[in-house]
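>>> Take a look and give me a structure for this.
(2 chains)
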Amino acid sequence: MGGGAETFYGVIRRQGITRRSFHKFCSLTATSLGLGPLAASQIANALETKPRVPVIWMHGLECTCCSESFIRSAHPLVKDVVLSMISLDYDALIMAAAGHQAEAIIEEIRAKYKGEYVLAVEGNAPLNEGGMFCIDGGKPFVEKLRAMAEDSMAIIAWGTCAAWGCVQAAKPNPTWATPIDKVITNKPIIKVPGCPPIAEVMTALVTFITTFGKLPELDRQGRPKMFYSQRIHDKCYRRPHFDAGQFVEGWDDESARKGYCLYKMGCKGPTTYNACSAVRWNGGVSFPIQSGHGCFGCSEDGFWDKGSFYDRLTTIRQFGIEANADQIGMAAAGAVGLAVAAHAAVTAAKRLTRNPGSVAQEK
Amino acid sequence: MDKSPQALTAAVAAVAVRSGRRAERGVVYVYEAPVRLWHWINAAAILVLGLSGYFIGSAIPTMPGEASDNFLFGYIRFAHFFAGYVLTLGFLLRIYWAFMGNPHAKQIFYVPLWRKSYWREVWHEIRWYAFVAAEPKKYVAHNPLAQLAMFFMFTLAIAFMIITGFALYAQGTGNDSWQYKLFGWVFSIWPNSQDVHTWHHLGLWMIVTFALIHIYTAVREDIVSRQSIVSSIISGEREFRD
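Alright, predicted model coming up:
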């Protein structure tokens, strides 16, 4: 690690790739991107002259599942990302340096590549008690985050922790765990939610930024459109069973064995934006629904606070009791129905008990 | 059509005679044809939307056979979306008619909260429904309390359902669709669309509750208040029976 000034070309030459192969790669890339014939030499020029993007990878309040996912990427292999494409200058999890040596690197990168490095943040910052619930290198993590964000080019918010808050921000959130975009408001932030995000999504995003030197197009929620513009439901291979009305109604019923839709078992696929049903996990082997379990909606905001993972309708806690929309609605409609019936009864009683004289007068 | 001067004069005369006859019978023309037509189409759309919406939320018992032989849930969702479009178009035309129609056509779109006399009359209506006031006041269109309920429980509720409904629909049509461009801002309020589903679902029960009260009071006032209510939304005429 270190040596952020090296170019992509320099690194691959050192790894024994010929200049001829390098140019083949550039032409192939230009062709596959649908660019004109001149683009190949432009790409070659960029890769020969532009220094690799320095990346600082920080860990806040989190469980490291994002890193665990990241290192399992198959396309591209994570070793290619870490050793060739980017210059991963600081990552507490996989760096060789430790202690003061490691902390020295972070200051050095900040000074040397001011406004040029990408800050990748895994986890979020707890703000309660001045940030004392997450201490990193002897200081509250939130201070380190603010300082490093100040001079960064952009921030990648890895995982649901950094993007939305996740489990540590679930009610009652005692540490005030706060997603990155609520702490840092003056930098472009790319949210890559998921608990963890898909490995290939993470590496592909890094590849995109290093290849094009810009950030991908983001949606309304700040997520890269290329991976988060469709729901699990939209590309689910069990979707035909949904449209047919064929649902699993118990974990051991005939429908479960036949692989029917898990909608009634509380699958959150219809409300979850992620690439699981397209990219899948572990090198395209499977994903939760393929394994017979509904989607948790782990890449969505506040997914821990929406009641059971196995209920179709969301639990609503505002009424003091745990109920869903149907229970609350039926109770309200029932109460009004009773009131209407009682009102009608009183109206009828009043008309019947009115003294006959007044009725006669009216008529 | 015959557009000769004589025919036109005859038509004008006929209208004059009709309204003259109405006055003789103690009848006022309140609900114009577009309002009545909208009312019943809207009622039918709400019935379809409510039933199909309930089944979308709770899902149907599983269907036997091959997936390729069934499309029931697809049809239920189609019915919901189709009725949703009918309701929305109807609502837009109804807003248009609020400007084009008679003064009563505007009534469900506003509440004169700033008018003191309005609140006095609301208070009288509350007393009437609480069996305290002995005699109801007569109103040509909605009474002040009905106007209040109509605005908050119907007009606003339907607008809320249209907005959240199209936002949810945009999830299926995709982020490049016009539905998403127009209604995607809903997901800036609730980033997790699961919440939008929940609110949309609560909206269903709001409208069910409204329908209960609406139908009950219409029938009750028709009997007790000595004026036509139920037949008025068919004929358009409000008849005062004493």
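
>>> From here on, just use CA atoms for contacts and neighbour counts.
Will do.

>>> got any ranges where chain B has weak pLDDT?
B:1-20 (pLDDT under 70).

>>> Get me the contact residues on chain B for chain A.
Neighbours of chain A within chain B, by CA under 8 Å from any CA of the partner chain: B:57-64, B:67-74, B:171-172, B:174-175, B:188, B:191-195, B:198-199, B:201-202, B:204-206, B:208-209, B:212-213, B:216, B:220.

>>> among those residues, which ones are buried?
Buried members of the residues of chain B next to chain A, counted by 16 or more other CA atoms under 10 Å in any protein chain shown: B:57, B:59-60, B:62-63, B:67, B:70-74, B:171-172, B:174-175, B:191-195, B:198-199, B:201-202, B:204-206, B:208-209, B:213, B:216, B:220.

>>> Show me those that map onto helices.
B:57, B:72-74, B:171-172, B:193-195, B:198-199, B:201-202, B:204-206, B:208-209, B:213, B:216, B:220 (DSSP state H).

>>> Can you report how many residues neighbour the residue nearest to B:F240 when sequence neighbours are not counted?
Nearest residue to B:F240, sequence neighbours excluded (CA to CA, 6 or more residues apart in numbering or on different chains): B:Q227, at 4.5 Å. As a burial measure, B:Q227 scores 20 neighbours (other CA atoms under 10 Å in any protein chain shown).

>>> B:K138 now?
Neighbourhood size, B:K138 [other CA under 10 Å]: 12.

>>> ditto for the one 4 residues further on
If you count neighbours by other CA under 10 Å, B:H142 ends up with 16.

>>> if I look at it, how far off is A:W164?
Counting by CA to CA, to the nearest Å, the gap from B:H142 to A:W164 is 47 Å.

>>> Kindly report the same for B:K137.
Counting by CA to CA, the gap from B:K137 to A:W164 is 55 Å.

>>> of the two, who's got more company?
A:W164 (28 against 12).

>>> Help me confirm that the more buried one comes into contact with A:D301.
Yes - with contact defined as CA atoms under 8 Å, A:W164 reaches A:D301; the gap is 5.3 Å.

>>> Which residue ranges of the stretch 51-200 of chain A form strands?
For the stretch 51-200 of chain A, applying DSSP state E, counting those that start in this stretch gives strands covering A:54-59, A:87-91, A:118-122, A:125-126, A:135-136, A:139-140, A:154-158, A:177-178, A:189-192.

>>> Just the pLDDT for the residue of the stretch 151-300 of chain A at minimum distance from chain B.
Nearest residue of the stretch 151-300 of chain A to chain B, counting by CA to the nearest CA: A:A244, 4.0 Å away. As summarised for this prediction, A:A244 has a pLDDT of 95.

>>> again, but for A:K79
For A:K79, pLDDT reads 78.

>>> In space, what's closest to it - neighbours in sequence excluded?
Nearest non-adjacent residue to A:K79, counting by CA to CA, 6+ apart: A:I71, 8.0 Å away.

>>> Might you report the residue contacts of the one you found?
A:V78, A:K79, A:A199 (CA atoms under 8 Å, 6 or more residues apart in numbering or on different chains).

>>> And for the second one, the neighbour number?
Going back to what we said before, that points to A:K79. Neighbour count of A:K79, defined by other CA under 10 Å: 13.

>>> show me the contacts for the residue of chain B found nearest chain A.
Per CA to the nearest CA, B:F71 is where chain B lies closest to chain A, at 4.0 Å. Neighbouring residues of B:F71 by CA under 8 Å, 6+ apart: A:D243, A:A244, A:G245.

>>> Go through those residues and give me the one with the most neighbours.
Highest neighbour count within the contacts of B:F71: A:G245, with 26 neighbours (other CA under 10 Å).

>>> Wait, that one touches B:L72, no?
Yes - using CA under 8 Å, A:G245 is in contact with B:L72, at 5.6 Å.

>>> In terms of helices and strands, where is residue 22?
Using chain A here. Taking DSSP states H and E as the criterion, A:F22 maps to helix A:19-32.

>>> that's the other chain; I wanted chain B
With elements taken from DSSP H and E, the one containing B:R22 is helix B:5-25.

>>> Just the pLDDT for the residue positioned nearest the centre of chain A.
When CA atoms, centre = their mean is applied to chain A, the residue found nearest the centroid is A:P193 (0.8 Å). A:P193 carries a pLDDT score of 96 in this model.

>>> was I right about it contacting A:E300?
Yes - assessed by CA under 8 Å, A:P193 is found in contact with A:E300 at 7.2 Å.

>>> what about stretch A:93-103, how long is it end to end?
This stretch, stretch A:93-103, spans 13 Å end to end (CA to CA).

>>> Name the surrounding residues that touch it.
A:M1, A:S67, A:Y90, A:A92, A:G137.

>>> can we see that at 6 Å?
Counting contacts by CA atoms under 6 Å, 6 or more residues apart in numbering or on different chains, no residue outside stretch A:93-103 touches it.

>>> Sitting in strands, which of the contacts of B:F71 do you find?
Per DSSP state E, strands hold no members of the contacts of B:F71.

>>> Specify which member of these is nearest to B:M100.
Closest to B:M100 out of the contacts of B:F71 is A:D243 (42.6 Å), distances taken as CA to CA.

>>> If we go by neighbour counts, what in the helix holding A:F22 is buried?
By 16+ other CA under 10 Å, the buried positions in helix A:19-32 come out as A:F22, A:C26, A:S27, A:A30.

>>> Pull the CA coordinates from it and hand them back as CSV.
The C-alpha trace of helix A:19-32 is given here as CSV (Å, rounded to 0.1, in the frame of the first residue of the first chain):
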residue,chain,number,x,y,z
ARG,A,19,2.2,-3.0,-23.4
ARG,A,20,0.5,-4.9,-26.3
SER,A,21,-1.9,-6.6,-24.0
PHE,A,22,-2.6,-3.2,-22.3
HIS,A,23,-3.6,-1.6,-25.6
LYS,A,24,-5.8,-4.6,-26.5
PHE,A,25,-7.5,-4.1,-23.1
CYS,A,26,-8.0,-0.4,-23.9
SER,A,27,-9.5,-1.1,-27.4
LEU,A,28,-11.8,-3.8,-26.0
THR,A,29,-13.0,-1.5,-23.2
ALA,A,30,-13.7,1.3,-25.7
THR,A,31,-15.6,-1.1,-28.0
SER,A,32,-17.6,-2.6,-25.2
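
>>> so after that helix, what's the next helix or strand?
Helices and strands here follow DSSP H and E; after helix A:19-32, the next one along the chain is helix A:39-49.

>>> Please identify the buried residues of the lengthiest helix in chain A?
The longest helix of chain A (DSSP H) is helix A:325-353. Within helix A:325-353, the residues that count as buried by 16+ other CA under 10 Å are A:325-330, A:332-333, A:336-337, A:340, A:343, A:347.
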